[in-house]
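> When you get a sec, could you give me coordinates for this:
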Amino acid sequence: MKYENVDVEFKEVYVPDIRKDAVAFANTGGGTLYIGIADDGTVVGVEHPDEVMLQVASSLKDNISPDIMPYVSIKLIDQDEKPVVEIKVEAGVGRPYYLTAKGLKPSGVYVRKGTASQPLSEAGIRDMLIESSGKSYEKGRSLNQNLTFETFTEEMKARNLECGPSQMKTLGMIGEDGLYTNLALLLSDQCEHTIKLAIFQGTDKAVFRDRKEFTGSVLKQQKEAYAILDLLNQMKATFSKLLRYDQRDYPEEALREVLLNCVVHRDYSFSAGTLINVYTDRIEFVSLGGLVPGLSLEAIYLGVSQSRNPGLANVFYRMRLIESYGTGITKVQRLYQDKKQQPVFETTSGAFRVTLPNLNEDFTYEKMRHEETKPFVEEPAAVRYGNPQTLIYQRAKENGSITRKEVEDMLGIKTTRAYVLLNQLVEQGKLVIEGSGRRTFYVPAK
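The predicted model follows:
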């Protein structure tokens, strides 16, 4: 026994650093660590071997997660007539093992490379998690174990559903090793994935108006994203003789279905966020990951469903956010039935895009393709900035005052929404109410 190797490590004396080597052996192909042998292979022995063996056992048991001890054997051997502590570590099945104090990150996860124990990159950790959990992102152990569940708890309680540790384990949020899974990460307040929403003036990306990024639990993200989409989903009236017809830009249920599908079916092994692009004539939803392998777009049209995240889908189903599997696209198609404009579903190897046309605008797929390559056209600053309160305030400054009816006509919204926006501006000290009754108007504050 003269040399260190990929599966052999020498330590002249006991040092806490052996934890790192034990982690590396368990994460790789196993190995043996000897205490009482110098780096050059010289056997020096150990003093008080019983004490050293106890230190080793306590150190490995208390400082490595998940529990590595079922794969560790510690015994005293005689080497060149000197006592040496032999620590054998088998390759564990709960990989990646890590230093508890450091967590699931490069400073806590090690693998064996040659004669050294080296940190594993974040990408390597993710790959190991997926490999050890059977290729399922949801079942993999979360890199972050310091999770809180305020939003999840609130949403479960609002539906009279239990959400204690036993329920979380049943749902798959806590794995067999007692640690949080990636499903728990998605539902936690620390979820690292986001939804990004961008609003453009016109039918292309030439004029940017506003952007928002939704963070936190996916439950919180989808709720906040829908609230913005609902705000942007304006009601417009058309007249036929004396009859008035009111129609929102988008069927409310279609917006909800597509948004929920983006959250439930996206591939969370990608770090980029779900994208929502809002144009004058359409809204585009881009979900990462494309279709589940083996599933075609034609099969989707027939109502076939193969969820990429069955655990997340199950949670949403229990919360009654989704009614049943495989009905999303067919429901959206039904909502646009007999409409001139039709939704568009597109898939590539890495993404899935759903385009919902604005029912109150002139939209065609060919026009959308043409507008995507349309050259930049400068617009006035007031048009570029899409905040409705800003538009109201600018109009009031230009004209000296503004009425509720003028706000309705300018933004194409209902009376209640116009009152809300005006009152918010009053509360912010930007507008002042003058007059009363039908003669009420709003003037810029001085």
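> Count the residues that sit near residue 362.
Using other CB atoms under 10 Å, residue 362 has 12 neighbouring residues. For the C-beta atoms, the positions are set from N, CA and C on the backbone; glycine is no exception.
> List the residues that contact it.
residue 281 (CB atoms under 8 Å, 6 or more residues apart in numbering).
> repeat that with 10 Å
Residue 362 makes contacts with 203, 280-281, 340-341, as judged by CB atoms under 10 Å, 6 or more residues apart in numbering.
> what's the answer for residue 416, then?
Per CB under 10 Å, 6+ apart, neighbours of residue 416: residue 408.
> Does it belong to a helix, a strand or coil?
helix (DSSP: H, G, I helix; E, B strand; the rest coil).
> can you offset everything so residue one is 450?
That works, and once the first residue is 450, the last one we named lands at residue 865.
> now it: how far from residue 684?
Distance from residue 865 to residue 684, counting by CB to CB, to the nearest Å: 11 Å.
> circling back to that earlier point, would you list the contacts of residue 811 in TSV and tack on secondary structure, neighbour count and distance to residue 698?
Converted to TSV, the contacts of residue 811 look like this (DSSP: H, G, I helix; E, B strand; the rest coil; neighbours: other CB atoms under 10 Å; distance: CB to CB, whole Å):
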residue	secondary structure	neighbour count	distance to residue 698
652	coil	20	14
729	coil	17	10
730	coil	20	9
789	coil	10	14
790	coil	19	11
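> In stretch 551-558, which residues are buried?
Neighbour counts over stretch 551-558 (16 or more other CB atoms under 10 Å) mark 551, 553-554, 557-558 as buried.
> Low-confidence ranges, the stretch 750-895 of the chain, go.
For the stretch 750-895 of the chain, the stretches with pLDDT under 70 are 750-755, 773-776, 798, 813-836.
> Tell me which stretches of it form helices.
Taking DSSP state H, counting those that start in this stretch as the criterion, the stretch 750-895 of the chain contains helices spanning 759-767, 777-784, 814-820, 830-833, 837-848, 853-860, 864-876.
> Ranking these by mean neighbour count, which comes first?
Mean neighbour counts were compared across the helices of the stretch 750-895 of the chain using mean count of other CB atoms under 10 Å; the top stretch is helix 759-767, at a mean of 19.
> helices or strands next to the host helix or strand of residue 679 in the packing?
Per DSSP states H and E, residue 679 falls inside helix 667-681. Identification of packing neighbours for helix 667-681 by 3 or more CB pairs under 10 Å, 6 or more residues apart in numbering; DSSP states H and E yields helix 599-607, helix 631-636, strand 644-650, strand 656-663, helix 701-714, strand 723-727, strand 731-737, helix 759-767.
> Specify the angle between the fourth one and helix 667-681 in degrees.
When you say that, I think you mean strand 656-663. Going by axes from the mean of the first three to the mean of the last three CA atoms, to 10 degrees, strand 656-663 is angled at 150 degrees with respect to helix 667-681.
> Could you do the fifth one as well?
Angular relation of helix 701-714 and helix 667-681 on a 0 to 180 degree scale: 150 degrees, by the same axes, to 10 degrees.
> buried set for helix 701-714?
703-714.
> OK, contacts around residue 633?
Contacts of residue 633 (CB under 10 Å, 6+ apart): 587, 590-591, 593-594, 596, 598, 601, 617, 620-624, 639-640, 760.
> Ends of stretch 453-467, what's the gap?
14 Å (CA to CA, to the nearest Å).
> can you check stretch 556-573 too?
Termini of stretch 556-573 sit 13 Å apart (CA to CA).
> Equivalent analysis for stretch 581-590, please.
Start-to-end, stretch 581-590 (CA to CA) is 9 Å.
> List the buried residues for that stretch?
581-582, 585-590.
> sorry, back to before: looking at the buried residues of helix 701-714, which is nearest residue 891?
Ranked by distance to residue 891 (CB to CB), the buried residues of helix 701-714 are led by residue 704 at 30.9 Å.
> Disregarding flanking residues, what is the spatial nearest neighbour of the closest one?
Distance criterion CB to CB, 6 or more residues apart in numbering; nearest residue to residue 704, sequence neighbours excluded, is residue 678 at 5.1 Å.
> Could I get the contacting residues of that neighbour?
646, 699, 701, 704-705, 707-708, 725, 727, 732, 734, 805.
> end to end, how far does stretch 657-676 reach?
20 Å.
> Give me the buried stretch members for it, please.
658-659, 663, 665-675.
> Residue 880 pairs with what?
Residues in a beta bridge with residue 880, per DSSP bridges, are residue 893.
> Surely it and residue 842 touch.
Yes: judged on CB atoms under 10 Å, residue 880 makes contact with residue 842 at a distance of 7.0 Å.
> intersection of neighbour lists for these two?
With CB under 10 Å, 6+ apart as the test, residue 880 and residue 842 both reach 851, 870, 874, 891, 893-894.
> Columns distance to residue 534 on top of these, output as a markdown table?
Output for these, formatted as a markdown table (distance: CB to CB, whole Å):
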| residue | distance to residue 534 |
| --- | --- |
| 851 | 83 |
| 870 | 74 |
| 874 | 75 |
| 891 | 82 |
| 893 | 81 |
| 894 | 79 |
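> doesn't residue 784 make contact with residue 697?
No: the criterion here is CB under 10 Å, and residue 697 misses it with residue 784 at 11.3 Å.
> Need the overlap of contacts for those two.
In contact with both residue 697 and residue 784: 704, 808, using CB under 10 Å, 6+ apart.
> C-alpha coordinates for stretch 858-875, PDB please?
Extracted in PDB, the C-alpha atoms of stretch 858-875 (Å, rounded to 0.1, in the frame of the first residue of the first chain):
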ATOM      1  CA  ASP A 858     -63.200  55.800 -24.200                       C
ATOM      2  CA  MET A 859     -59.400  56.300 -24.200                       C
ATOM      3  CA  LEU A 860     -58.600  53.000 -22.600                       C
ATOM      4  CA  GLY A 861     -61.600  51.000 -23.800                       C
ATOM      5  CA  ILE A 862     -62.500  49.900 -20.200                       C
ATOM      6  CA  LYS A 863     -65.600  49.800 -18.100                       C
ATOM      7  CA  THR A 864     -66.800  52.400 -15.600                       C
ATOM      8  CA  THR A 865     -65.700  50.500 -12.500                       C
ATOM      9  CA  ARG A 866     -62.100  50.100 -13.800                       C
ATOM     10  CA  ALA A 867     -62.000  53.800 -14.800                       C
ATOM     11  CA  TYR A 868     -63.000  54.800 -11.300                       C
ATOM     12  CA  VAL A 869     -60.400  52.500  -9.800                       C
ATOM     13  CA  LEU A 870     -57.600  54.100 -11.900                       C
ATOM     14  CA  LEU A 871     -58.700  57.600 -11.200                       C
ATOM     15  CA  ASN A 872     -59.100  57.100  -7.500                       C
ATOM     16  CA  GLN A 873     -55.600  55.600  -7.400                       C
ATOM     17  CA  LEU A 874     -54.200  58.700  -9.000                       C
ATOM     18  CA  VAL A 875     -56.100  60.800  -6.500                       C
END
